[in-house]
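A.B. asks: Could you look at this predicted model? Sequence included:
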Amino acid sequence: MDVEEFVVGSVPTVFYLPDYVTAAEEEQLLNNIHKAPISKWKTLKNRRLQNWGGIVHDKGLLAQVPPWLEQVTHRIYTESKLFPSAINHVLINEYLPDQGIMPHQDGPAYVPVVAILSLGSPVIMNFTPHQSFKNAGGTTGSYNDAVSEPAPLRMMNSGESLSEHRPFSVALMPRSLLIFKDAAYSEYLHGIEDSELQPYDKAINVRNGLLGDGHIPTSCDLKLVSGSSEDGGGSIIHRTGTRISLTCRVVLKVHKSFVKLKI
């Protein structure tokens with residue numbers, strides 16, 4: 001597989017691979033996710049998540065990825081050839097139709113490349129350029145609120161932008177794989193709006209014609225509806241089902257034993 005064939009948009013380090021897993025593989029992954037004990041789920045302000053791979057902190061990672069996840073992460077690593085080593089950390093997020101995640105940048109503990117496998121309902125992910133960051137304070141939330149890991153969330157200052165960088169969005173359809181790295185990772189914030197209705201036709205992979213068969217799932221509540229004059233026209237996605245995402249990354253510092261690390 002040549003991932004260069006799946007570059008979308010004007011930023012050369014954003015890759016969108018439609019139908020990366022089959023419907024049967026999607027169902028198997030979802031079954032394994034839902035079979036996890038309730039204690040594995042952590043409830044945040046606007047969604048639930050499972051942390052597989054260990055707890056990420058400034059001293060490294062305590063590795064603990066189950067075999068059913070290793071199978072798909074190993075495939076992403078070997079086929080994409082975009083990761084410097086095997087993927088060793090996965091966050092599984094559950095989003096209800098009106099849930100999203102604030103614009104953020106992933107923390108410095110990771111290699112600057114991330115793969116997001118989308119299951120269930122579709123969603124629009126927005127990328128916003130930034131020039132400089134500041135630590136969140138007051139009511140703006142923390143990095144823990146965004147991804148449940150101990151690092152400060154770095155938010156974009158109001159009004160900041162880069163003249164050579166423009167905001168863009170990607171439609172994440174069921175069973176698709178989004179990978180972004182380098183400039184797209186370090187020079188943009190990414191997030192999802194807390195809304196059931198999201199603009200659809202301006203997404204860069206829609207314009208590139210790379211949605212794939214996953215935009216017509218048989219078991220997913222996906223509805224494309226025409227926009228009204230109030231929302232500026234065009235098409236929007238009506239999110240009526242639950243979305244599960246697998247955010248796959250590499251943590252360089254890995255501790256093999258709990259005994260060696262004092263948290």
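C.D. replies: Structure's in. What do you need?

A.B. asks: Which of the three states applies to Tyr185?
C.D. replies: helix (DSSP: H, G, I helix; E, B strand; the rest coil).

A.B. asks: Please spell out which residues along stretch 101-119 are buried.
C.D. replies: Across stretch 101-119, burial judged by 16 or more other Cβ atoms under 10 Å covers 101-107, 109-119. All C-beta spots, glycine's among them, are computed from the backbone N, C-alpha and C.

A.B. asks: With stretch 90-97 instead?
C.D. replies: For stretch 90-97, a neighbour-count test (16+ other Cβ under 10 Å) marks 90-97 as buried.

A.B. asks: which one among those gets closest to Pro66?
C.D. replies: Val90 (9.4 Å; Cβ to Cβ).

A.B. asks: Show me the strands in the stretch 151-263 of the chain, by range?
C.D. replies: 154-156, 168-172, 177-181, 188-192, 197-199, 222-226, 235-239, 243-249, 254-255 (DSSP state E, counting those that start in this stretch).

A.B. asks: Just list what the second one packs against, helices and strands only.
C.D. replies: Counting contacts by 3 or more Cβ pairs under 8 Å, 6 or more residues apart in numbering; DSSP states H and E, strand 168-172 packs against strand 123-129, helix 204-207.

A.B. asks: for the strands of the stretch 151-263 of the chain, which one sits closest to His74?
C.D. replies: Closest approach to His74 among those is made by strand 243-249 (10.4 Å; Cβ to Cβ).

A.B. asks: for Asn93, phi and psi?
C.D. replies: Reported as degrees, to the nearest 10, the phi and psi values for Asn93 are phi -110, psi 140.

A.B. asks: Tell me the bridge partners for it.
C.D. replies: Beta-bridge partners for Asn93, by DSSP bridges, are Leu49, Ser245.

A.B. asks: Next up, the contacts around it.
C.D. replies: Counting by Cβ atoms under 8 Å, 6 or more residues apart in numbering, Asn93 touches 47-49, 101, 244-245, 247.

A.B. asks: Burial check on the nearest residue to Thr242 once chain neighbours are set aside, number of neighbours?
C.D. replies: The shortest distance from Thr242 to any non-neighbouring residue, by Cβ to Cβ, 6 or more residues apart in numbering, is to Gly120 (5.3 Å). For Gly120, the neighbour count with other Cβ atoms under 10 Å is 22.

A.B. asks: and the gap between Gly120 and Pro12?
C.D. replies: Note on Gly120: its distance to Pro12, by Cβ to Cβ, to the nearest Å, is 29 Å.

A.B. asks: Phi, psi for the closest residue to Pro66 other than its chain neighbours please.
C.D. replies: Once flanking residues are discounted, Pro66 sits nearest to Trp52: 6.5 Å by Cβ to Cβ, 6+ apart. Dihedral pair for Trp52: phi -120, psi 130, per degrees, to the nearest 10.

A.B. asks: Might one say that Trp52 is in contact with His89?
C.D. replies: Yes: assessed by Cβ atoms under 8 Å, Trp52 is found in contact with His89 at 7.4 Å.

A.B. asks: for the protein, longest helix please?
C.D. replies: helix 67-80 (DSSP state H).
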